[in-house]
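1. Next comes the sequence, and after it the predicted model I'd like to discuss.
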Amino acid sequence: MKLAFWTVTKGAGNIAREYKEKLKEHLKDYHIDVFTLKKYDVENTSQIEDFTANINEKFSQYDGHIFIMASGIVIRKIASLIGTKDKDPAVLLIDEGKHFVVSLLSGHLGGANELTYSLANILKLVPVITTSSDVTGKIAVDTISQKLNAELEDLKSAKDVTSLIVNGQKVNILLPKNVKVTDKISADGFILVSNKKNIEYTRIYPKNLILGIGCKKDTKAEDILRAIEDCLDKNNLDIKSVKKVATVDVKENEQGLIDAVKFLNLNLEIISRDEIKKVQDQFEGSDFVEKNIGVRVVSEPVALLSSTGNGKFLVMKEKYNGITISIYEEEIDKYE
């Protein structure tokens, strides 16, 4: 996770630098930058000339922004940068008196509320959360989605159902677990039992499908995209649930594959041939493939190795004119 501290006074710059060092002790996987104005010459920070130009450029480049300044400054500076709640980064505010940390934007999907609690605990600040579901001790639909690392079908229905929860109305969570709640198999349908003429509902797509892909050299992006679409459609799976795409290291610079994955706004994970060799005997291999790239099989092992390993194959291997696709389904962690 990438975080950025932003300051416009020398005192705030020193506080941000101090806070960065404290956070590094606890949030070891986080990358943290501190931006200060050059005229104050705060050492060990990224010194900038123009605060507005830099926040405009870097707003979408970080998962979270922490401003140590007046809230009015922040609101005016980021107003034109705000898009939608499912895309915006987390925005937090800390007062220069070192009393409060405020979740200002993207409390649920952007993770601002959770980050606020984390910073409050580490930095000994008072957390300020204003989202209705949180302050009333209830849960929002987008929080459930975020905890499951899933994708909402649409923001409006999520908002409508969350309103029902906040207002104390009864909302059932229909978990597609093949009738029995304890069963871990995804359902192909569900039964909604209600005597209501109109009922609000929303849908969450879990991000738990891994696509393992192998392809011939110089395969075009449009051919790969067409194969992915066909494979998912044939198996009644939605692209919104694809977590990432994986391939073998020899295909790391395969432009068609890179462009296809970029078009889908997914990450491409590269698996080494040495790792594949450790598990390739579990799958049907090819002498031809081994002669060309040194391993007997690609799509199945890369899908397995890039997953949590806690799940099963939905598609072992589909072949599409020089393209192979495997689909691995990770088991969804139970959210409590």
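-> Structure received. What you see is a predicted model; the values in this text were computed from it and never measured.

2. residues near residue 319, how many?
-> Neighbouring residues of residue 319 were enumerated by other C-beta atoms under 10 Å; the total is 12. Bear in mind the C-beta positions are built from the backbone N, C-alpha and C, glycine included.

3. partner residues bridging it?
-> When assigned by DSSP bridges, residue 319 has beta-bridge partners residue 324.

4. okay, it: pLDDT?
-> In the prediction, the pLDDT value recorded for residue 319 is 94.

5. can you map out the strands along this protein?
-> Chain-ordered strands for the chain, with DSSP state E as the definition, fall at 2-7, 31-37, 46-48, 64-68, 90-94, 100-105, 126-128, 150-152, 204-206, 209-215, 242-248, 268-271, 311-319, 323-330.

6. Serialize those to a markdown table and add fields for distance to residue 227.
-> As requested, those are exported to a markdown table (distance: least, C-beta to C-beta, whole Å):
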| stretch | distance to residue 227 |
| --- | --- |
| strand 2-7 | 33 |
| strand 31-37 | 35 |
| strand 46-48 | 44 |
| strand 64-68 | 37 |
| strand 90-94 | 36 |
| strand 100-105 | 39 |
| strand 126-128 | 48 |
| strand 150-152 | 22 |
| strand 204-206 | 21 |
| strand 209-215 | 8 |
| strand 242-248 | 12 |
| strand 268-271 | 15 |
| strand 311-319 | 8 |
| strand 323-330 | 5 |
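
7. which ones are touching the residue nearest to residue 298 when sequence neighbours are not counted?
-> Nearest in space to residue 298, with sequence neighbours left out and distances taken as C-beta to C-beta, 6 or more residues apart in numbering, is residue 214 at 3.3 Å. By C-beta atoms under 8 Å, 6 or more residues apart in numbering, residue 214 lies in contact with 247-248, 251, 289, 298-299, 302, 323-324.

8. where along the stretch 51-200 of the chain do the helices fall?
-> For the stretch 51-200 of the chain, the helices identified by DSSP state H, counting those that start in this stretch occupy 51-58, 71-78, 112-123, 132-135, 141-147, 155-166, in order along the chain.

9. returning to that earlier point: out of the strands of the chain, which is closest to residue 285?
-> Shortest distance between residue 285 and the strands of the chain, using C-beta to C-beta, is found for strand 311-319: 10.8 Å.

10. could you say what helices and strands that closest one packs with?
-> With contacts defined as 3 or more C-beta pairs under 8 Å, 6 or more residues apart in numbering; DSSP states H and E, strand 311-319 has these neighbours: helix 221-234, helix 299-305, strand 323-330.

11. now the angle between strand 209-215 and that strand, please.
-> Interaxial angle of strand 311-319 relative to strand 209-215 (axes from the mean of the first three to the mean of the last three C-alpha atoms, to 10 degrees): 30 degrees.
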